[in-house]
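1. here is a sequence together with a model predicted from it:
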Amino acid sequence: MPSPLPRRCPARRRLRDCLVLVVACWPLGASRGATGDAPPADLVRRAERALRVTPPAVTQKQQPAAVGGPHDYVSTAPYFWPDPARPDGLPYIRRDGEVYPGARAKDTDVHRAGVMSATVTTLAHAYEATGEEKYAAHAARCLRTWFLDPRTRMTPHLNYAQGVPGVSAGRQFGIIEGTRFIGPLDQGRRLAGSASWTDADQRALMQWADDYLTWYLTSPFGRQERDTLNNHGTHYDVQVMRLALMLDRQELARDVAEAAKQKRIAAQIEPDGRQPHELARTKSFSYSKMNLGGMMSLADLADRVGVDLWGYESEDGRSIRKALDFVVPYLEDPSKKWPGKQIKSFDRGGYAPLLRQAARQYHEPAYAALADKLEAGRD
């Protein structure tokens, strides 16, 4: 099956990074023809590839999953491996930071969700940029297949995400995989005016999103993830806020943003800027970036409901900016010893988008200059 993304991607060939490039290459608020400029050639190339993707679905599992039904999203915790001391490998054992290949193989819902997310986002942006109906038509097919068609739709929950064979069918930590659905759910609005995407389609998609949000807010896994004090809790908040905003639940979004001051920033960042929950991991530099990126996303979303997280600082000096400034010396000087473990190589250039975001928010050109330096080092 062809990929909607080029084989060689400057952001290390990862779907998530490629998706960032797709989204970044066309203004979020642009309407078709509004800028008077030709759409970016790179976006069009990606969209042409995306047209060749068969719409993914959770019902395409080649083998029935050990848990759940055919419409349920099912995944295995990535850092759990078969126990070599046991003939059947059960129960799986944890090897933090080391991804078990089977957990991310091609015939997994994780892979299918990533392809769906990248495909829909690419096509929706291409339609918005060009007005070409073929892009909207295929984006609509993908959205209907994953979310709406009774024959193929995913049930709106993550009860079976990141299960551990021999231990549990699912875990609250699987909620972080839901980030793959939030983007596509928000793309239907870009298809407005297309003959391929009706008002009824959009209402049905938002009903799925509403059911999904209800599961986040009321399920045992949702409540457990909400109370987790690390990147999982941060990205839970990001997902809830994005769903709340697309469903026009302003009060819910505002409540999450206000709570993040204490629950995320004050509880997860030390006065000197270190993030102790992330430093405890075997890929602590990677996870420090992941959590900081989540907090910056929260701050952007909070701006939309009148809550200032960018400028928030606790009485003892804990803040988003302090967390970034803690990392900066290690970005500037790769020889400087990082205070935590990092068992895998890490692309420091991955911090560049966060630095540019901070440069805009804090009016600090030094962040942008460092981003330029890091990106130049990738060449």
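-> Noted; the coordinates are in hand.

2. what residue ranges in this protein score low on pLDDT?
-> 1-37, 379 (pLDDT under 70).

3. how are the strands of it distributed by residue range?
-> Taking DSSP state E as the test, the strands found in the chain are 74-76, 80-81, 93-94, 160-163.

4. dump those strands to a markdown table, plus distance to Ala200 and mean neighbour count.
-> (Each C-beta comes from the backbone N, C-alpha and C, glycine too.) Formatted as a markdown table, the strands of the chain follow (distance: least, CB to CB, whole Å; neighbours: other CB atoms under 10 Å):
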| stretch | distance to Ala200 | mean neighbour count |
| --- | --- | --- |
| strand 74-76 | 29 | 24 |
| strand 80-81 | 42 | 22 |
| strand 93-94 | 46 | 14 |
| strand 160-163 | 29 | 24 |
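
5. indicate which one of the ones you listed is closest to His277.
-> Closest of the strands of the chain to His277 is strand 93-94, at 16.5 Å (criterion: CB to CB).

6. which residues sit against the closest one?
-> Strand 93-94 is touched from outside by 79-83, with contacts defined as CB atoms under 8 Å, 6 or more residues apart in numbering.

7. count of neighbours near the residue nearest to Ala47 when sequence neighbours are not counted?
-> Excluding the flanking residues, the one nearest Ala47 by CB to CB, 6 or more residues apart in numbering is Ala126, at 3.5 Å. Neighbour count for Ala126, taken as other CB atoms under 10 Å: 29.

8. ok, Lys344 next?
-> Lys344: 12 neighbours (other CB under 10 Å).

9. from what I see, it and Gly97 are in contact.
-> Yes: with contacts counted by CB atoms under 8 Å, Lys344 reaches Gly97, the gap being 6.4 Å.

10. quick check: neighbours shared by these two?
-> With CB under 8 Å, 6+ apart, Lys344 and Gly97 have common neighbours Lys283.

11. one step back: and the strands of the chain as CSV, adding distance to Ser117?
-> As requested, the strands of the chain are exported to CSV (distance: least, CB to CB, whole Å):
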stretch, distance to Ser117
strand 74-76, 14
strand 80-81, 24
strand 93-94, 27
strand 160-163, 15
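
12. count the neighbours of Lys373 for me.
-> Lys373 - counted by other CB under 10 Å - has 15 other residues nearby.

13. and the gap between the residue nearest to it when sequence neighbours are not counted and Tyr367?
-> Counting by CB to CB, 6+ apart, Lys373 lies nearest to Glu332, which is 8.0 Å off, once chain neighbours are set aside. Distance, Glu332 to Tyr367, using CB to CB, to the nearest Å: 11 Å.

14. and these two? which has more neighbours close in?
-> Tyr367 (24 against 13).

15. just list the residues touching Phe147, thanks.
-> Residues in contact with Phe147, defined by CB under 8 Å, 6+ apart, are 153-154, 184-185, 204-205, 208.

16. if you rank those residues by neighbours, which is first?
-> Neighbour counts for those peak at Leu205, which has 25 neighbours (criterion: other CB under 10 Å).

17. that one touches Trp146, doesn't it?
-> No: the pair Leu205 / Trp146 is not scored as a contact, 10.0 Å apart, by CB under 8 Å.

18. what's the closest non-adjacent residue to His157?
-> His157 sits nearest to Trp215 (CB to CB, 6+ apart), 4.5 Å away.

19. what is the neighbour count of that neighbour?
-> Trp215: 17 neighbours (other CB under 10 Å).

20. with Glu315 instead?
-> When neighbours are defined as other CB under 10 Å, Glu315 has 7 of them.

21. cool, the one 5 residues further on as well?
-> Counted with other CB under 10 Å, residues neighbouring Ile320 total 25.

22. excluding its backbone neighbours, what's nearest it?
-> Beyond its immediate neighbours in the sequence, the residue positioned closest to Ile320 (CB to CB, 6+ apart) is Met295, lying 5.2 Å away.

23. just Leu148 next, same as before
-> Leaving out its chain neighbours, the residue that sits closest to Leu148 by CB to CB, 6+ apart is Ala204, at 5.3 Å.

24. next one: Asp83
-> Ile93 (4.9 Å).

25. and for Arg304?
-> Once flanking residues are discounted, Arg304 sits nearest to Leu245: 6.3 Å by CB to CB, 6+ apart.

26. show me the contacts for the one you found.
-> Residues near Leu245 by CB under 8 Å, 6+ apart: 253, 301, 304-305.

27. same check, this time on Phe326
-> Contacts of Phe326 (CB under 8 Å, 6+ apart): 272-275.

28. ok, now which ones touch Pro78?
-> Here Pro78 is in contact with 99-100, 103-104, 162 (CB under 8 Å, 6+ apart).
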